[in-house]
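Novice: I would like to see how this sequence folds:
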Amino acid sequence: MSQPNAGHTARERARAELTREIKEEARRQLAEAGADGLSLRAVARSLGMVSSALYRYYPSRDDLLTALIIDAYNAVGGAAEDAIAAAAPDDARGRWTSACHAIRGWALAHPHEYALIYGSPVPGYRAPQATIGPASRVPLAFIGVLRDAMPVAATGRVPGGAAPLAAALADPLEDPLAGQAAALATALAAPGSPAIPPAALVRAVTAWTQLFGMISFELFGQFVGSFEPADALFEHAVAQMTTFVGLR
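Specialist: All right, here's what the predicted structure looks like:
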């Protein structure tokens, strides 16, 4: 005797499989024509579907772009989180650098998806609220490393070679930067954990932007004829910026 939900489950599996195929074909188009060249009609044609059937999955090109953007942010965020989790929990410097290398590894393996989320804005596209959570995974992963290092700063312990974070980051900040950083530190505060000093947060954001700047330079050909391959430069820069953050 068949299960009452068997037909429903089969339809769900079929829908999930077709959704996966649609996104795979859309990623192939990203590689060939870029995000602004993505076309629902072309995706449908490549999959042997009529456009009206595809619209039941993604009513517009922007809906499909949003799905690809969310997938990309979740993928790079997951890579950073996994790298941090795999490193020794008391080695803040190792956790930070592992995340940097994992992000670069993902970017090199998925250059067109990286360009979709960290490259030039897609003309006419406005990212919806649904992208904010996935986009926050990478910066929040780094903030988690800093937050876990704060008890080290408070107690003066130095596990894994990490210097006391707060003492290393007592930079004077002036307004409006001081106010912006203080507001962000308050928003990121976790119950029961020491607050990240605003100056530490500014250094972390500086390092975060350099990380993606270096990856973008590498992917978009700015190191051709100079630092190519960029492995050694990247490793050196990550080490320098991790020290700059205060994880010595």
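
Novice: Okay, helices next: where are they in the chain?
Specialist: Counting by DSSP state H, the chain has helices at residues 6-33, 40-46, 51-55, 61-86, 92-109, 111-118, 132-135, 137-155, 165-168, 177-188, 198-219, 231-245.

Novice: Adding distance to Y125, write those out as JSON lines.
Specialist: Just so you know, the C-beta spots here come from the backbone N, C-alpha and C atoms, and that holds for glycine as well. Listed next are the helices of the chain as JSON lines, based on distance: least, CB to CB, whole Å:
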{"stretch": "helix 6-33", "distance to Y125": "13"}
{"stretch": "helix 40-46", "distance to Y125": "14"}
{"stretch": "helix 51-55", "distance to Y125": "18"}
{"stretch": "helix 61-86", "distance to Y125": "6"}
{"stretch": "helix 92-109", "distance to Y125": "21"}
{"stretch": "helix 111-118", "distance to Y125": "10"}
{"stretch": "helix 132-135", "distance to Y125": "14"}
{"stretch": "helix 137-155", "distance to Y125": "21"}
{"stretch": "helix 165-168", "distance to Y125": "38"}
{"stretch": "helix 177-188", "distance to Y125": "26"}
{"stretch": "helix 198-219", "distance to Y125": "19"}
{"stretch": "helix 231-245", "distance to Y125": "30"}
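
Novice: Nearest to G124, out of the ones you listed?
Specialist: Evaluated with CB to CB, the helices of the chain place helix 61-86 nearest to G124, the distance being 8.1 Å.

Novice: Map the structural domains onto the sequence of this structure.
Specialist: Following automatic domain parsing, the chain resolves into domains at 1-59, 62-245.

Novice: follow-up on the earlier one: least confident of the helices of the chain, on average?
Specialist: Lowest mean pLDDT within the helices of the chain: helix 165-168, a mean of 52.

Novice: returning to what we had before: among the domains of the chain, which is the most enclosed?
Specialist: domain 62-245 (a mean of 17; mean count of other CB atoms under 10 Å).

Novice: Quick one: end-to-end distance for it.
Specialist: 37 Å (CA to CA, to the nearest Å).

Novice: Ok, stretch 123-136 next?
Specialist: End-to-end distance (CA to CA), stretch 123-136: 23 Å.

Novice: Quick one: residues in contact with that stretch.
Specialist: 35-36, 62, 65-66, 69-70, 73-74, 77, 117 (CB atoms under 8 Å, 6 or more residues apart in numbering).

Novice: Now render those as a markdown table, adding distance to Q240.
Specialist: Formatted as a markdown table, the contacts of stretch 123-136 follow (distance: CB to CB, whole Å):
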| residue | distance to Q240 |
| --- | --- |
| A35 | 33 |
| D36 | 36 |
| D62 | 40 |
| L65 | 36 |
| T66 | 36 |
| I69 | 31 |
| I70 | 33 |
| Y73 | 27 |
| N74 | 29 |
| G77 | 24 |
| I117 | 25 |
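
Novice: Nearest to L140 among those residues?
Specialist: Closest to L140, out of all of these and judged by CB to CB, is G77, at 8.2 Å.

Novice: what about the closest residue to that closest one other than its chain neighbours, distance to A183?
Specialist: Nearest residue to G77, sequence neighbours excluded (CB to CB, 6 or more residues apart in numbering): R137, at 2.6 Å. R137 sits 21 Å away from A183, going by CB to CB, to the nearest Å.
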